[in-house]
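> heads up, no residue letters with this:
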């Protein structure tokens, strides 16, 4: 599958320090995904509209970039985080929230193991704050940021 | 009664186990279950053996094991049973199928309330299985056996449950019922909460959204058809509109219509969902505040932004497609 990755934004802050860490080979990850795709298959995000939230806008991290979509594999290092950030993402933080059963019907989860050491970019609070992305303040709620 | 089907029965009493002819054992059980006699005579239940299975002579341990397993199946059935079916011992409505792993299936039939004793007497041919008289299984005894108490609404009434096993696997273990009880009661409690919340949500929906009957749908349209129910059900069949079933009747929420005709977006939303979706899935979609449109409800956009409604519906129908 050809991957159309967007180029780096021209207005990137030269002082930006990207921090990376390594996901060691053998690390276990849990991933919820559509039954239509294999557990280790990227969501191609094709024909998604990045300006529409329900189309998976948060998985299209380069709004306004020339490339149309970024294939995504969304996983967590534990089951709870994977479930809460995917199937239950829309559940309101209120007592006795409602959830339609149909929301689970097309979803399943897989446990994955990293085969080779992976270099990943750390995108937790200190790093996120440095990113000069238009609209970041609007789209990121400080309270929701993950404390790495 | 014909004994060709069943050979013998074991009566379980506080004093022990007694092998009896089937009718005799049933008579004793009926006596113990009769409210006016139950203080005079106590019996826990009757095991009726298959005639074909020439097993060993009823043994107190194996009989107790079977009794306990049957009690758990009966208890599961009662826990799932709706309140209003109590009081009858006839018909199929009160026969509950409790399916198990390993292809073992149990049918639970409940004889409860005032009619219980008479219904039991009418059981011309008691089938192989276990008849349990709950009146003499007091809480102290149940606690001692680590068995769950009957649901509140079934206590203090004449109640006999018949638990019929359709297949008996040798591999089935006698032990482990404590785990079974724990898992089952948690599952049932969770399910009951979900069911209650669902019912509550549905009644709120009906309160807040004017809905039409099939006849009213026809009245509001320009249809001149004689059969006033046919139009709505045809539209529903063509997946142009949806109905919700509430208190035994189909209702068509009014927001689907404009000038008596279905809004085309409604049909597109329905078709964006998998075929197994039902009316309540659509009702939920249209009437629930949606975070993607700032907490408004999709039904508010039906006339102003149908494309967005469709996009929201696709995401709701297959949310997993987004991540």
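Sure thing, it's come through. As the structure is a prediction and not an experimental result, all values here were calculated from the model.
> and the pLDDT at residue B:308?
Looking at residue B:308, its pLDDT is 95.
> skipping adjacent residues, who's closest to it in space?
Distances taken as Cβ to Cβ, 6 or more residues apart in numbering or on different chains place residue B:301 nearest to residue B:308, at 5.6 Å, with adjacent residues excluded. For every residue, glycine as well, the C-beta is placed using N, CA and C.
> which pLDDT value does the model give residue A:22?
Taking residue A:22 on its own, its pLDDT is 93.
> what's the burial count for the closest residue to it other than its chain neighbours?
Excluding the flanking residues, the one nearest residue A:22 by Cβ to Cβ, 6+ apart is residue A:117, at 5.3 Å. Neighbour count of residue A:117, defined by other Cβ atoms under 10 Å in any protein chain shown: 12.
> chain B versus residue A:117, what's the distance?
25 Å (Cβ to the nearest Cβ, to the nearest Å).
> got the buried residues for stretch A:109-122?
Buried residues in stretch A:109-122, counting neighbours by 16 or more other Cβ atoms under 10 Å in any protein chain shown, are found at A:109, A:110, A:114.
> show me which residues of the stretch 151-300 of chain B sit near chain A.
For the stretch 151-300 of chain B, the residues in contact with chain A (Cβ under 8 Å from any Cβ of the partner chain) are B:197, B:201, B:273-274, B:276-277, B:281, B:284-285, B:288, B:290-292.
> hmm, which of these are the buried ones?
The buried subset of those - by 16+ other Cβ under 10 Å - is B:201, B:273, B:277, B:281, B:284, B:285, B:288, B:290, B:292.
> identify the farthest-apart pair in those residues.
For those, the maximum inter-member distance is 20.3 Å, found between B:201 and B:292 (Cβ to Cβ).
> picking up where we left off before, switch the buried residues of stretch A:109-122 over to CSV; also include distance to chain B and secondary structure.
Converted to CSV, the buried residues of stretch A:109-122 look like this (distance: Cβ to the nearest Cβ, whole Å; DSSP: H, G, I helix; E, B strand; the rest coil):
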residue, distance to chain B, secondary structure
A:109, 10, strand
A:110, 12, strand
A:114, 19, coil
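> all helices for the chain, in order.
Just going to use chain A. Ranges of helices in chain A, per DSSP state H, are A:79-84, A:102-105, A:125-130, A:136-139.
> that answer is for a different chain, and I need it for chain B
Going by DSSP H, chain B shows helices at B:22-33, B:60-80, B:116-122, B:139-144, B:177-208, B:214-220, B:230-237, B:264-272, B:279-287, B:306-317.
> winner for burial among these?
Mean neighbour count (mean count of other Cβ atoms under 10 Å in any protein chain shown) peaks for helix B:279-287 among the helices of chain B, with a mean of 23.
> ok, residues contacting that one?
By Cβ atoms under 8 Å, 6 or more residues apart in numbering or on different chains, the surrounding residues in contact with helix B:279-287 are A:98, A:100, A:102, B:201-202, B:205, B:208-209, B:242-245, B:250, B:253, B:255, B:266, B:269-270, B:273, B:297-299, B:302, B:312-313, B:316.
> related to what we said a few turns ago, closest one to residue A:74 among the helices of chain B?
Minimum separation from residue A:74 across those (Cβ to Cβ) falls at helix B:306-317, 15.2 Å.
> between helix B:279-287 and the closest one, find me the angle.
Put simply, helix B:306-317 runs at 130 degrees to helix B:279-287, going by axes from the mean of the first three to the mean of the last three Cα atoms, to 10 degrees.
> most widely separated two among the residues of the stretch 151-300 of chain B next to chain A?
When Cβ to Cβ is used, the two most widely separated members of those are B:276 and B:291, lying 24.8 Å apart.
> look up how far chain B lies from residue A:94.
Residue A:94 is 11 Å from chain B, where distance means Cβ to the nearest Cβ.
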